[in-house]
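Chemist: need a structure here:
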Amino acid sequence: MSLLDLIAAADDRGLVASGIACLDRCLPQPGEGADPDPLRPLWAGCADGEAWPDRLAQARQALDGEEQAQTQTRIRQLLAHAPADRAAPGLREWADACSLLALEVHLGQDATPGAGVDLLRRCREGDPAGAGPLVAGEVRRQIRILEMLADSGTGAAGLRQVRDASTEGQRVLRAATARRVRGRGPGGK
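Modeler: Numbering: from 1, shown residues only. This next block holds a predicted model:
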């Protein structure tokens, strides 16, 4: 199944967890004194749907007041538009927007010249031809996460596996970002 098919088929828990995982991977390296895991409350809200509105408010508050990088600003905007009711019709659109943001962030760090919105659309539809390694890896990660969520039922073990997969993806993106920054240092482009 394509990424778009999996998002279309996901239940509310799958949509919430996959959306959070996408946002979590996009968070930049925290600055000195910043909360290293500002989306932590949302993960707890995945397991307990009744706690979701309170956990969403906590995550929004955790990102308020921090100096914001562009990606972090977009994460805040997505959190501001996240439905407080997990059964809301807008949940699927929110998870889809989180997926797209994660792919855009990966595309921005990938070395694929001339790639853009059309490439991301094709990747999400199941055709990753021409995608760089970061984008292709992110598409595979999102698919794997949605499949894990579909297969794991409602158990906490499934959420731990998803969080572990997301954390690994976050490490990959941060390493690529750091390499790119080093390449732009004195004498770099």
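Chemist: could you say what helices and strands the helix or strand where Leu6 lies packs with?
Modeler: Using DSSP states H and E, Leu6 falls within helix 3-9. With contacts taken as 3 or more C-beta pairs under 8 Å, 6 or more residues apart in numbering; DSSP states H and E, helix 3-9 sits against helix 91-109, helix 117-124, helix 133-151. For every residue, glycine as well, the C-beta is placed using N, CA and C.
Chemist: name the SS class of the spatially most central residue of the chain, please.
Modeler: Among the residues of the chain, the smallest C-alpha distance to the mean C-alpha position (C-alpha atoms, centre = their mean) belongs to Cys22, namely 0.9 Å. Under DSSP: H, G, I helix; E, B strand; the rest coil, Cys22 falls in the helix class.
Chemist: mind listing what it touches?
Modeler: Residues in contact with Cys22, defined by C-beta atoms under 8 Å, 6 or more residues apart in numbering, are 95, 98-99, 101-102, 142.
Chemist: quick one: low-confidence ranges for this structure?
Modeler: In the predicted model of the chain, residues 65-68, 111-115, 153-155, 184-189 satisfy pLDDT under 70.
Chemist: rerun that using 80 as the cut-off
Modeler: Within the chain, the set of residues satisfying pLDDT under 80 comprises 31-35, 64-69, 88, 111-115, 152-157, 180-189.
Chemist: and stretch 160-167, how far out from the chain middle?
Modeler: Once both centres are worked out by C-alpha atoms, centre = their mean, to the nearest Å, stretch 160-167 turns out to sit 11 Å from its chain's centre.
Chemist: residues touching it, excluding its own?
Modeler: For stretch 160-167, the external contacting residues (C-beta under 8 Å, 6+ apart) are 17-18, 21, 24-25, 43, 141, 144-145, 148-149, 152.
Chemist: Ala62: what's its closest spatial neighbour, skipping adjacent residues?
Modeler: Distance criterion C-beta to C-beta, 6 or more residues apart in numbering; nearest residue to Ala62, sequence neighbours excluded, is Pro38 at 3.8 Å.
Chemist: same check on Ala82?
Modeler: Across the structure, with C-beta to C-beta, 6+ apart as the measure, the residue nearest Ala82 apart from its sequence neighbours is Trp94 (5.3 Å).
Chemist: so the one you found is in contact with Gln77, correct?
Modeler: No: with contacts counted by C-beta atoms under 8 Å, Trp94 stays clear of Gln77, the gap being 11.0 Å.
Chemist: neighbour count winner among the two?
Modeler: Trp94 (18 against 12; other C-beta atoms under 10 Å).
Chemist: could you measure the more buried one against Arg86, distance?
Modeler: 10 Å (C-beta to C-beta, to the nearest Å).
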